[in-house]
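>>> predicted coordinates and the sequence they were generated for:
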Amino acid sequence: MKKALLILVFVLFGCSMLHAQEAFIAAEDHPALPDSLQQQKPDTVKVNVKECKQGAIGDIFRKKEKTPKPPKKFMALVLPNISSNPSNGFLLGVGGSFGWYMGPKENTKVSSAPFTVAVTSKSQLITFLKHNIYTKGNQYFLQGDWKFYIYSQPTYGLGTNSPDTVGVPSTIDWMGEGTNTDSVYFPMKFYYVRVHEIVNKKVLDNLYAGVGFHLDYYYSINDEDYRAATDSTPEMQTPHSFYSSSNNFNQKEYMLSGLSANFLYDSRDNQINPYKGYYANVNYRINPTFLGSSQNSSTLWLEFRTYIGLSKKTPRHLIGFWAFGDFLISGKLPYLTLPSLGEDQRARSGRGYTNGRFRGDHIVYGEVEYRFPIWPCSHIIGGVLFANAVTTSNKARNVALFEYIRPAVGIGLRIMVNKYFRTNINLDYAIGMKSQGFYFSGQETF
């Protein structure tokens with residue numbers, strides 16, 4: 001598998017280099033030009049060059065129209081969702097994305113709402129809707145994350161140095177408590193309800209300020225490896241049970257409910273598939289007990305994204321950067337609500353690892369992705385190469401941020417299905433440390 005991945009990386013990289021070379025074809029290198037033209041000044045040489053415009057997969061089967069129809073204001077991409085990744089095993093369901101304009105396209109950015117309804121081979125039910133809506137004239141920006149999960153997820157303890165040797169006998173203790181002699185991950189099952197809604201108001205061009213409500217409720221938690229003490233056997237602790245009992249949380253259910261203050265800057269030209277611009281987000285959240293939280297706490301989320309074009313003629317040829325940090329500022333959080341991998345709004349961070357694989361008091365994450373076209377001229381098919389890295393802390397064991405870092409790398413294909421909304425079908429394969437996964441989606445990772 002790794003040899004095949006390496007070969008595919010070289011093929012995709014070679015395609016991108018061939019595309020880049022097209023921009024450097026000079027008139028004097030064209031064998032069809034006579035010598036008289038070769039000697040003329042560059043501005044007098046006229047070479048017929050085919051005009052290349054972004055296409056979509058449907059253009060291949062559609063007859064060319066003399067007068068193109070104007071693009072619609074609404075788009076729905078609904079596809080069977082068949083994939084495999086470390087978080088879910090084999091997944092089967094329906095997923096996709098909606099895209100639309102709430103006002104004139106000249107002064108209103110596109111809105112989007114990815115969604116999924118699926119079941120998995122790990123007896124999971126996954127339903128979510130994640131919307132990012134710009135109202136008419138971009139006066140308001142509404143961000144939402146709604147989930148209902150019947151879920152199973154292993155946990156490995158806190159900090160990026162948590163053990164990662166799976167399926168072999170282990171001599172590693174987790175905080176000296178309850179070592180699992182068969183492996184070093186601890187399976188959990190639970191029900192999860194999430195309702196996050198933020199309303200941002202435009203205060204300056206591309207700059208917004210807003211307030212939000214956030215609810216995370218975990219119940220029917222089954223910490224499968226935990227064993228209560230009996231007359232003949234001692235208590236068998238797990239990372240979740242040890243943390244919960246040490247910090248006075250109920251091991252079967254808990255809630256995080258709070259309000260947030262938000263500041264957001266967004267100059268991206270398209271949030272579904274950006275070619276340029278910046279995105280920065282600051283979210284300060286308080287979770288008081290009078291709103292239902294199990295304990296008082298506060299957190300800070302910082303996020304930044306940008307996109308650097310590599311070709312004026314082909315805006316799809318670019319490098320994207322994404323980074324975020326999630327920090328516990330005060331109080332205590334329930335175990336499953338601690339900052340962790342895969343808990344960004346789109347749940348797309350950490351390709352190559354299971355969601356929640358790395359968890360701690362704080363998390364810092366970074367990713368870079370090289371995006372390039374493959375299909376000649378119309379660029380219907382593109383490719384990506386990406387790398388990411390994560391670090392988490394564990395205050396109880398004096399593990400600091402950046403003391404341990406876990407990387408992952410991957411490749412992917414992009415098939416353009418709607419050129420007006422820039423909606424792709426995304427197929428990715430990623431490899432982390434002793435972990436790998438295949439990912440399918442209808443919207444760019446970031």
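All right, it came through fine. Numbering: from 1, shown residues only.
>>> got the contact list for stretch 76-92?
By Cβ atoms under 8 Å, 6 or more residues apart in numbering, the surrounding residues in contact with stretch 76-92 are 93-99, 116, 118-122, 124, 126, 153, 342, 353-357, 417-418, 423, 425, 435-440, 442. Every residue, glycine included, has its C-beta placed from N, CA and C.
>>> strands - which of the residues you listed land there?
Under the assignment DSSP state E, these contribute 93-99, 116, 118-120, 126, 153, 417-418, 423, 425, 435-440 to strands.
>>> quick one: buried ones out of those residues?
Buried residues within the ones in strands among the contacts of stretch 76-92, counting neighbours by 16 or more other Cβ atoms under 10 Å: 93, 95-99, 116, 118-120, 126, 153, 417-418, 423, 425, 435-440.
>>> so what's the residue lying closest to residue 294 once chain neighbours are set aside up against?
In space, and not counting its chain neighbours, residue 294 is closest to residue 254: 4.3 Å by Cβ to Cβ, 6 or more residues apart in numbering. Going by Cβ under 8 Å, 6+ apart, residue 254 touches 218, 294, 334, 336, 337.
>>> could you spell out the sheet neighbours of the longest strand seen in the chain, each with its direction?
Identified as the longest strand of the chain according to DSSP E is strand 186-204. If you go by DSSP bridges, strand 186-204 pairs up with strand 140-155 (antiparallel), strand 207-223 (antiparallel).
>>> list the buried ones in that strand?
Residues 186-192, 194, 196, 198-200, 202 are the ones in strand 186-204 that count as buried (16+ other Cβ under 10 Å).
>>> what pLDDT does residue 316 get?
pLDDT, residue 316: 89.
>>> tell me how far the residue nearest to the spatial centre of the chain lies from residue 79.
In the chain, the centroid-proximal residue (Cα atoms, centre = their mean) is residue 348; its distance is 2.1 Å. Going from residue 348 to residue 79 by Cβ to Cβ, to the nearest Å gives 17 Å.
>>> how about residue 434?
Per Cβ to Cβ, residue 434 is found 31 Å from residue 79.
>>> could you look up the SS state of residue 336?
Judged by DSSP: H, G, I helix; E, B strand; the rest coil, the three-state class of residue 336 is helix.
>>> before we move on, back to that, now the residue nearest to residue 294: phi and psi?
Torsion angles at residue 254 (phi, psi; degrees, to the nearest 10) stand at phi -160, psi 160.
>>> identify the bridge partners of it.
Assessed by DSSP bridges, residue 254 has beta-bridge partners residue 218.
>>> for the stretch 1-150 of the chain, which segments count as helices?
2-21, 35-38 (DSSP state H, counting those that start in this stretch).
>>> coming back round to it: just the mean pLDDT for the longest strand of the chain, thanks.
The average of the pLDDT scores along strand 186-204 is 95.
>>> between residue 434 and residue 79, point out the one with more neighbours.
A side-by-side neighbour count of residue 434 and residue 79, using other Cβ atoms under 10 Å, places residue 79 first with 14 against 11.
>>> stretch 121-128: end-to-end distance?
Criterion Cα to Cα, to the nearest Å; first-to-last residue distance in stretch 121-128 is 18 Å.
>>> quick check: which ranges of the stretch 201-350 of the chain have low pLDDT?
Along the stretch 201-350 of the chain, the parts satisfying pLDDT under 70 run over 229.
>>> can you tell me how far residue 244 is from residue 141?
Following Cβ to Cβ, the distance that separates residue 244 from residue 141 is 37 Å.
>>> returning to what we had before: which of the buried residues of strand 186-204 sits closest to residue 400?
Set against residue 400, the nearest of the buried residues of strand 186-204 by Cβ to Cβ is residue 186 (23.7 Å).
>>> where does the stretch 1-150 of the chain dip in pLDDT?
Within the stretch 1-150 of the chain, the stretches with pLDDT under 70 are 1-51, 55-71, 83-87.
>>> switch the cut-off to 80
Filtered on pLDDT under 80, the stretch 1-150 of the chain yields the residue ranges 1-72, 81-89.
>>> who does residue 146 form a beta bridge with?
residue 129, residue 195.
>>> what of residue 364?
For residue 364, the beta-bridge assignment (DSSP bridges) gives partners residue 325, residue 391.
>>> with residue 117 instead?
As for beta bridges, residue 117 partners with residue 94, residue 127 under DSSP bridges.
>>> OK, contacts around it?
93, 94, 95, 126, 127.
>>> and the gap between the first one and residue 349?
In this structure, residue 93 and residue 349 are separated by 21 Å, where distance is defined by Cβ to Cβ.
>>> which one is residue 199 nearest to, not counting chain neighbours?
Leaving aside its chain neighbours, residue 199 sits nearest to residue 210 (5.1 Å; criterion: Cβ to Cβ, 6+ apart).
>>> may I have the residues that are in contact with that neighbour?
Listed by Cβ under 8 Å, 6+ apart, the contact set of residue 210 reads 141, 198, 199, 200, 201, 261, 262, 264.
>>> dump those residues into a markdown table; add distance to residue 316 as well.
Formatted as a markdown table, the contacts of residue 210 follow (distance: Cβ to Cβ, whole Å):
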| residue | distance to residue 316 |
| --- | --- |
| 141 | 25 |
| 198 | 30 |
| 199 | 33 |
| 200 | 28 |
| 201 | 33 |
| 261 | 36 |
| 262 | 31 |
| 264 | 25 |
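>>> state the pair within those that is farthest apart.
141 and 261 (14.8 Å).
>>> tell me which of the two has more neighbours.
Using other Cβ under 10 Å as the criterion, residue 141 and residue 261 rank with residue 141 on top: 22 against 14.
>>> which ones are touching that one?
By Cβ under 8 Å, 6+ apart, residue 141 lies in contact with 132, 133, 134, 135, 200, 202, 208, 210, 264, 266.
>>> turn those into CSV, including distance to residue 319.
Below are these laid out as CSV (distance: Cβ to Cβ, whole Å):
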residue, distance to residue 319
132, 23
133, 28
134, 25
135, 31
200, 28
202, 29
208, 26
210, 30
264, 23
266, 19
